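Participant: Output the structure for:
(one chain, ligands or ions: 1)
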Amino acid sequence: MRIAIVGGGLGGLTLARVLHRHGLEAMVYEREASRSARSQGGTLDLHPESGQHALAEAGLTARFRSQARPEGEEHRILDPAGRMLVHHRPEPGTFTGRPEIDRSALRDLLLDALPGGAVAWGHQVVAATPRASGGWELTFEGGRRAGCDLLVGADGARSVVRSLLTGTAPSPVATLVELIVSDVDRRHPELARLVGPGNLWCVGVNQILAAQRAGDGSLRVGISLPAEDHRELSELFEGWDPGVTALVTAADGPATVRRIEALPIGARWDHRPGITLVGDAAHLMPPVGEGANQAMLDGAELANHLAAGIADPDAAVRAYEEGMFARIGPVAEMSARVQAMMLSPTAAEDIVRFFTPATT
Ligand SMILES: Cc1cc2nc3c(=O)[nH]c(=O)nc-3n(C[C@H](O)[C@H](O)[C@H](O)COP(=O)(O)OP(=O)(O)OC[C@H]3O[C@@H](n4cnc5c(N)ncnc54)[C@H](O)[C@@H]3O)c2cc1C
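Facilitator: A predicted model of the protein is given here:
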């Protein structure tokens, strides 16, 4: 059976790696020209029951631990006056929680564990058409073609493959303004101290200023706003503590503005033989810490179903889809709730309550 995975992100690569461990080969078609063509973004915390579990299925736990930063789990929540509302510190040196790892390190770890030639770089799928004999014919930008028996869309938020299964499209949930402060220990030690080894969120009314320590010594700064908020950067922080807004003024270059989108909660599709989706292509959610974890778990679960049921791949894909829809429903609901809470007028009190363990 020829398996084509469209997209070499975390979901697609986890799928390819776990298939490979089971002795099943797959071809990953990735539109980027090479593994270093684009910066992969900030860091991710991998959860034991999803991202870390998927890495265990991929046989990569030891390599993950050698690259992860458990101390990166530390987080601080401030109000706009700079007062600390929550300060969470993980147990030093343990991997019991949700250690952080740089996205590029995680992607490299998966890429290095695949056989040479498993990823076809510079292959952007522009169309997929069903073949009369079953399976799919893929067309790539530039006109090249390839066939497959099973097509897996792991092509992220703006998936091309998704449209072969459902007409449901993502809609905007927030605007994210991103900035980088590089070489922070040397250039801005006061900001390094403010953020610490992990994440900082400064929670205002309908807006959050966040900063995250990356493994390369930079800070990734993000300002989350409601989707309909089109104010300029200079209008956002009136009355905020200058020690906090220095995260914005110290940034290296111009800001990047991104539209953050999500699929509706409970989005699903009717099963169609020979095709399925993993990760953001299947269930794009607001970015509150689940998307990559769930994408990796999708990849591992689909691979395990296919390996266990290779005599009937269609039944294996159906079983994966039903399990995935059932798992994602509550996660998508929680993610939407957290996203709404973070950008609400009462976000600070709500978030403190969220992070404070209930006493009975
Ligand atoms: C600001 C932000 C912060 C986030 N923070 C977290 C977090 O802390 N924790 C967490 O778990 N999740 C987080 N997420 C979500 C997470 O990034 C995604 O859920 C995750 O990357 C999804 O993985 P994926 O493999 O499905 O898709 P992607 O990582 O998007 O990978 C898709 C791949 O497909 C390729 N591709 C796309 N179209 C084509 C095509 N037509 N042909 C060939 N290749 C194609 C792309 O180049 C890409 O390499 C965050 C998201 C954002 C936006």
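Participant: can you give me the helices in the stretch 51-200 of the chain?
Facilitator: 51-57, 61-67, 103-112, 184-187, 189-195 (DSSP state H, counting those that start in this stretch).
Participant: now for those helices, which one comes closest to the ligand?
Facilitator: Ranking those by their distance to the ligand (criterion: Cβ to the nearest ligand atom) puts helix 51-57 first, at 6.6 Å. Where you see a C-beta, it was placed from the backbone N, CA and C, and this is true even at glycine.
Participant: In CSV: the helices of the stretch 51-200 of the chain, plus distance to Val6.
Facilitator: Shown next, in CSV, are the helices of the stretch 51-200 of the chain (distance: least, Cβ to Cβ, whole Å):
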stretch, distance to Val6
helix 51-57, 19
helix 61-67, 25
helix 103-112, 16
helix 184-187, 37
helix 189-195, 37
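Participant: Comparing those, which comes out most buried?
Facilitator: Highest mean neighbour count among the helices of the stretch 51-200 of the chain (mean count of other Cβ atoms under 10 Å): helix 51-57, with a mean of 23.
Participant: Quick one: mean pLDDT for it?
Facilitator: Taken as a whole, helix 51-57 has an average pLDDT of 98.
Participant: what's in contact with the longest strand along the chain?
Facilitator: Secondary structure of the chain per DSSP state E: the longest strand is strand 171-181. Applying Cβ atoms under 8 Å, 6 or more residues apart in numbering, the contact partners of strand 171-181 are 187-188, 191, 211, 218-227, 229-230, 233, 247-248, 250-253, 255-262, 264, 286-287, 336, 339, 343.
Participant: Which of the helices of the stretch 51-200 of the chain sits closest to Gly329?
Facilitator: helix 51-57 (18.7 Å; Cβ to Cβ).
Participant: And the closest one, what does it pack against?
Facilitator: Applying 3 or more Cβ pairs under 8 Å, 6 or more residues apart in numbering; DSSP states H and E, one finds that helix 51-57 makes contact with helix 10-21, helix 61-67, helix 291-308.
Participant: hmm, 6 Å instead?
Facilitator: For helix 51-57, the elements it packs on are helix 291-308, judged by 3 or more Cβ pairs under 6 Å, 6 or more residues apart in numbering; DSSP states H and E.
Participant: which parts of the helix it packs on are buried?
Facilitator: Neighbour-count burial for helix 291-308 flags 291-306 (criterion: 16 or more other Cβ atoms under 10 Å).
Participant: which one among those residues gets closest to Leu24?
Facilitator: Out of these, the member with the shortest distance to Leu24 (by Cβ to Cβ) is Leu306, at 6.4 Å.
Participant: how close does the nearest residue to Glu261 once chain neighbours are set aside sit to the ligand?
Facilitator: Computed as Cβ to Cβ, 6 or more residues apart in numbering, the closest residue to Glu261 that is not its neighbour in sequence is Pro170, at 3.7 Å. The spacing between Pro170 and the ligand, counted by Cβ to the nearest ligand atom, to the nearest Å, is 12 Å.
Participant: what about Pro170, how many neighbours?
Facilitator: Neighbours of Pro170 under the rule other Cβ atoms under 10 Å: 19.
Participant: my guess is it contacts Leu284, does it?
Facilitator: Yes - look at Pro170 against Leu284 with Cβ atoms under 6 Å: they come within range, at 5.1 Å.
Participant: re the thing from before, out of the contacts of strand 171-181, which touch the ligand?
Facilitator: Filtering those for proximity to the ligand by Cβ under 6 Å from any ligand atom leaves Pro287.
Participant: all strands of the stretch 251-360 of the chain, in order?
Facilitator: Counting by DSSP state E, counting those that start in this stretch, the stretch 251-360 of the chain has these strands, from start to end: 256-262, 275-277.
Participant: just checking, what packs against the lowest-mean-pLDDT helix or strand in the chain?
Facilitator: Sorting the helices and strands of the chain by mean pLDDT, DSSP states H and E puts helix 347-355 at the bottom, at a mean of 82. Secondary structure elements in contact with helix 347-355, counted by 3+ Cβ pairs under 6 Å, 6+ apart, are strand 84-88, strand 199-203.
Participant: Which of those strands has the highest mean neighbour count?
Facilitator: Taking mean count of other Cβ under 10 Å, strand 199-203 is the most buried of the helices and strands packed on helix 347-355, at a mean of 24.
Participant: relative to strand 84-88, how tilted is it?
Facilitator: 150 degrees (axes from the mean of the first three to the mean of the last three Cα atoms, to 10 degrees).
Participant: Pairing partners for strand 199-203, with directions?
Facilitator: strand 75-78 (parallel), strand 208-213 (antiparallel) (DSSP bridges).
Participant: in the first one, what's buried?
Facilitator: Along strand 75-78, the positions that meet the burial threshold by neighbour count (16+ other Cβ under 10 Å) are His75, Arg76, Ile77, Leu78.
Participant: and that strand, anywhere near the ligand?
Facilitator: No - figure legend: strand 75-78 not in contact with the ligand (Cβ under 6 Å from any ligand atom); closest approach 11.4 Å.
Participant: Would you mind measuring the gap between the ends of stretch 265-272?
Facilitator: For stretch 265-272, the first-to-last residue distance is 21 Å (Cα to Cα, to the nearest Å).
Participant: Tell me which residues of stretch 109-127 come out buried.
Facilitator: Leu109, Leu110, Leu111, Ala113, Leu114, Ala118, Val119, Ala120, His123, Val125.
Participant: how close does the fifth one get to His20?
Facilitator: Distance, Leu114 to His20, using Cβ to Cβ, to the nearest Å: 6 Å.
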